[in-house]
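# Can you look at this prediction? I've put the sequence above it.
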Amino acid sequence: MWHFRLWDVQDVAVFLSITLYLCHLAGAISIHSPQRSLTRSVQEDVFFSVDISCVGIPTIQWTFMSGAVSRAIGTWRPGFYTNITADYSSRVQHYNNGSMGLSDLRLPDAGYYVVTVTDETGSSKDTGFVLKVNEVIYEDLQYLSVSALALACLAGLLMLTMWLLDKVYRKIKAWRRRKEMPENDATELQPL
């Protein structure tokens, strides 16, 4: 025979607690990113790609940190406001999904970038990105090749100058010899 038992108050309380917890987890902030370590060269652009999901409209804040400094890049709430700091105003592109683009990279841009997402209830979550900025090697090679070309031209000019000076020296020497010779160029034949 089957026994049916009605739930008592404690069972209902546990069930509701678990249900509320699962509902809270379903509405929790999630930040997904395909790549968190990025390497770019000077003067290139970088795109910090994130996909944010949360209940309501999030507030997105990006911050830059390195060993020496920590500064805010910008804060925005999709559809409401955008506040990009003066240091980054001409180089930052913000997106409603939370992603951020940074153009014209410089060596001091290397460091740790943090995106903090805050939902309407006040809970927040953050994720970090590491950006490494390399110097452009081809500019060094270009400088070296231009320097080598300039030195080669200078060496060619010096060799041409030495050759011309040698020609002038030989002409002057021949002219002096002709001047020192007697004017009477008569040669006497002597008997044997």
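That came through fine.
# rest of the way, CA atoms for contacts and neighbours
Noted.
# where does this protein dip in pLDDT?
1-27, 138-140, 182-192 (pLDDT under 70).
# all strands of it, in order?
For the chain, applying DSSP state E gives strands covering 30-32, 37-41, 46-48, 51-53, 59-65, 70-77, 81-84, 92-94, 100-102, 111-118, 124-134.
# would you turn those into JSON lines with mean neighbour count?
Putting the strands of the chain into JSON lines (neighbours: other CA atoms under 10 Å) gives the following:
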{"stretch": "strand 30-32", "mean neighbour count": "15"}
{"stretch": "strand 37-41", "mean neighbour count": "14"}
{"stretch": "strand 46-48", "mean neighbour count": "18"}
{"stretch": "strand 51-53", "mean neighbour count": "16"}
{"stretch": "strand 59-65", "mean neighbour count": "20"}
{"stretch": "strand 70-77", "mean neighbour count": "18"}
{"stretch": "strand 81-84", "mean neighbour count": "14"}
{"stretch": "strand 92-94", "mean neighbour count": "18"}
{"stretch": "strand 100-102", "mean neighbour count": "17"}
{"stretch": "strand 111-118", "mean neighbour count": "20"}
{"stretch": "strand 124-134", "mean neighbour count": "17"}
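# Any chance of those strands in CSV with distance to Y169 as columns?
What follows is those, written out as CSV (distance: least, CA to CA, whole Å):
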stretch, distance to Y169
strand 30-32, 81
strand 37-41, 56
strand 46-48, 65
strand 51-53, 81
strand 59-65, 70
strand 70-77, 71
strand 81-84, 73
strand 92-94, 68
strand 100-102, 65
strand 111-118, 66
strand 124-134, 55
